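S.K.: requesting a structural model of the entry that follows:
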Amino acid sequence: LSQFDRDRRAAVFVMGKGKGLCSCTDPYENNLKSSGLRGPWQHSRSCTNPLMLILFFLYIVCWVAVIIFASAKGDVYRLLNGVDSFGNVCGRTNDGGTSVFNTHLDMSNFKYLYYADPTDSTAPALCVSECPYYNDATFTEDINACTGCTDSSVGTTADTCGSCALYSVCVSATGSSPYSVNTDITWQSANNYCPPYSYSTKPVMGRCWPTSDEYTSTTVTQASEVTSSFTSIMDSVSYTVSLYEYFYTARYQILYTTLGSLLLAIILMVLLRFLIAPVVWTTMVLVIVSSTAAAVVLWLEYRRIKGDIENKEDAGGGVTTDEKNNRDFYLAMSIVVTVAAVVLFTVIIAMRKRISMAINIFTEASHALAARPILFISPFLTYIFVMSYVTTWIWGSLFIATLQEKQYDNTTGYHSYEYGSEPTEDEYKTILAYHIFALLWITQFIIASGNFVISGTVTSWYFTQTGVEPDAPSAGFLRSVYIYVRYHMGTVAFGALIIAIVQMCRIVLEAIKRQYGESAGSIGKFIMRCFSCCLYCLEKCLKYINKNAYIITNLHGYPFCSAAWTAYSDLFANALLVVAINGVGFLVITLFKIMLSSATVLLAYWLLSADIGSDTSGTDNQGSWFILTFAAFIGWMIASMFFELFSTIVDTVALCFMEDKKYNDGSSVKPYHASPGLQKFLGHASSATQEKGGKGGKGGDWKVTKKNQVTPM
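M.R.: Residues are numbered from 1 along each chain as shown. Okay, here's the model as predicted:
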């Protein structure tokens, strides 16, 4: 081993890598200062934060055990198929347990759950063979027919009770319904076994949902049996069903829109290197011109108003208070806008070098993406892993949500599900909290893993792009994955844990606000809002620090705490450059998000207008607006996904540039690894051929090859 590696392995023990401890010191930084920074392959690596990785895997094992326990105790089909008021799951045979009134019935032929009256807690939910569906011509008659059905009439003739009997929404032992009669729980009287009214529905996910077309009939909404609260509920549900129908009708158009938006996003990412500088400088010029013009217009208007007031006073006329207030308002606005214009102009002029540096960093990021096009698949892989886990988590949530035990109510004859002995209510809350934290930690781990691999790939590219390190090993996406899995999963688990803890605190605070918000008073509400704001800002800051810590870990092999401290130190030392990068990034990313969303909406509008990919001959205006709004959402999310990738690349290039500048000086011993476009900002070496004894100093003789590579002379 070299002396550098021996010193580094001694530092491993000090920083607690092998012990899983956390320290913010860097005992081998002096070695980097003496020998220079050559790249992520400069020294051997060892596992970082191994105890945190063990803790993470143990948490996953325990979470899997919780899901297995919930799947053994719960019944997910209670949520998927629906449960009637007597505890029967629709669409299957209900066996086992002690038989009570209307329980353990064979519901194999009754697959849909129908709510007799959603506004009345005493009205039952019933499993029916078909969802009642009526047209406008017979709907009113059917409603009235439901109100007078008796047990005998339900069982003998369908005409007496209308379609209510045919659709098995009436409780009768002799009719088509599987339920038996109990005169203690009928709706209105001992002789009435049907709901007080029925409504037209269609099956959606095993439930009978109201249809929007038939329910809006005037004769129906004016029926005395239909209460105002019921009407409000059904209108809301009908609107939801309508949106589902619009989405289903235009599903192929939405698919084509999504594919088109993905293609547009890739094209924008490829063209980004040519568009960044013109967009940024044009925007800067427009900001200066527009703010200056606004100040001039306000001063001219103030001068005009002031002159009119003076003319009135000279003529002996009276000046109203409104006129004086108007003059003072324009004076104040003129001063404010003028000061803002001067400040903007001063900041842009003072920051022009760093803005130019930020633009070059963005350009280098686009070069990195072009050199490593495999990075385009990283957002998709992250999305696939996240969605796979979230799907698993939701499936487990369904089992956890059905852990309650069936309880019988002697008064109503209904069954409900409540907490019993296994688990108790407190145990259920503990399981739920554990399950929610698993979602936060594992999801953040997956997202952070994607960022880590991206930064590792770009870090290797940065230190090989100029050809200064001819002996550097080839390092691409797959090698970055290997290094991550082999050495640094514990570091990522550590960072993900910190973010998950903050997110869990936000969830707990939100739960407290919902439970005690009304009784907390104005001061209590203000304090909780302050805490919410602080936690939100803390989460954003920690995510930013974590992302840069992963870059340092890729570059130096540091554990999490040392990497986070090094990243923070670099960012603080280059605060103005960070501000410029974030400002340019916000401008560029926001503009391109708006551009991609607008293009996606235009594509969706063209598909709707041309009726391409639709199951129907057209969509009404309401449906079109819904699809166009959804298209804008798709465009924005796709843009966010790709520009999150680009943002990670920008942060990696920027931090590598800072580390390159900190440990290297442009000499032949410690050469810079930055591209020619960035070297002009280093002050020691430039992208142009440098004469000996020039500004580079310390033997910094450089030349640019025909391949645009910077190599020592």
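S.K.: longest helix anywhere in the chain?
M.R.: Looking across the chain with DSSP state H, the single longest helix is helix 251-314.
S.K.: tell me the mean pLDDT for the helix or strand following that one?
M.R.: Proceeding C-terminally, helix 251-314 gives way to helix 321-350 as the next helix or strand, assigned by DSSP states H and E. Averaging pLDDT along helix 321-350 yields 87.
S.K.: counting by contacts, list what helix 321-350 packs against.
M.R.: Counting contacts by 3 or more CB pairs under 8 Å, 6 or more residues apart in numbering; DSSP states H and E, helix 321-350 is packed against helix 251-314. C-beta: built from backbone N, CA, C; applies to glycine.
S.K.: what about E130, is that helix, strand or coil?
M.R.: Following DSSP: H, G, I helix; E, B strand; the rest coil, E130 is assigned to coil.
S.K.: quick check, it in contact with N109.
M.R.: No - contact criterion CB atoms under 8 Å: E130 and N109 do not qualify, at 10.0 Å.
S.K.: the two: who's more crowded?
M.R.: The neighbour comparison of E130 against N109 (other CB atoms under 10 Å) goes to E130, with 18 against 12.
S.K.: per-residue pLDDT, that one?
M.R.: At E130, pLDDT is 80.
S.K.: what is the burial count for I483?
M.R.: Number of residues near I483 (other CB under 10 Å) recorded here: 22.
S.K.: you'd agree it is up against C47?
M.R.: No - shown here, I483 and C47 do not form a contact pair, counting by CB under 8 Å, at 11.2 Å.
S.K.: returning to that earlier point: by contact count, what packs against the longest helix of the chain?
M.R.: helix 321-350, helix 352-371, helix 575-610, helix 621-663.
S.K.: helix or strand right after the longest one?
M.R.: With elements assigned by DSSP H and E, the helix or strand that comes after helix 621-663 is helix 676-679.
S.K.: can you check the shortest one too?
M.R.: Beyond helix 352-371 in the direction of the C-terminus, DSSP H and E gives the next helix or strand as helix 377-401.
S.K.: buried ones in that next one?
M.R.: 378-379, 382, 385-386, 389, 393, 396-401 (16 or more other CB atoms under 10 Å).
S.K.: which of those has the weakest pLDDT?
M.R.: Among those, A401 carries the weakest pLDDT, at 85.
S.K.: and that residue, how far from A368?
M.R.: Distance, A401 to A368, by CB to CB, to the nearest Å: 45 Å.
S.K.: what does N548 give?
M.R.: In terms of CB to CB, N548 sits 16 Å off from A368.
S.K.: cool, and G583?
M.R.: 21 Å.
S.K.: settle it for me: which of these two has more neighbours?
M.R.: Legend: neighbour count by other CB under 10 Å for G583 and A368, higher for A368 (24 against 16).
S.K.: pLDDT weak spots in the stretch 451-600 of the chain?
M.R.: Residue ranges of the stretch 451-600 of the chain with pLDDT under 70: 469-475.
S.K.: ah, wrong one, I meant the stretch 201-350 of the chain
M.R.: The model of the stretch 201-350 of the chain has pLDDT under 70 over residues 211-245.
S.K.: quick check: G91 touching L80?
M.R.: No - distance between G91 and L80: 9.0 Å, which falls outside the contact criterion (CB under 8 Å).
S.K.: ok, the two, which is more surrounded?
M.R.: G91 (18 against 14).
S.K.: for the more buried one, give me phi and psi.
M.R.: Backbone torsions of G91, given as degrees, to the nearest 10, read phi 80, psi 10.
S.K.: with adjacent residues omitted, what lies nearest to it?
M.R.: Nearest residue to G91 in three dimensions, chain neighbours excluded: K111, at 3.9 Å (CB to CB, 6 or more residues apart in numbering).
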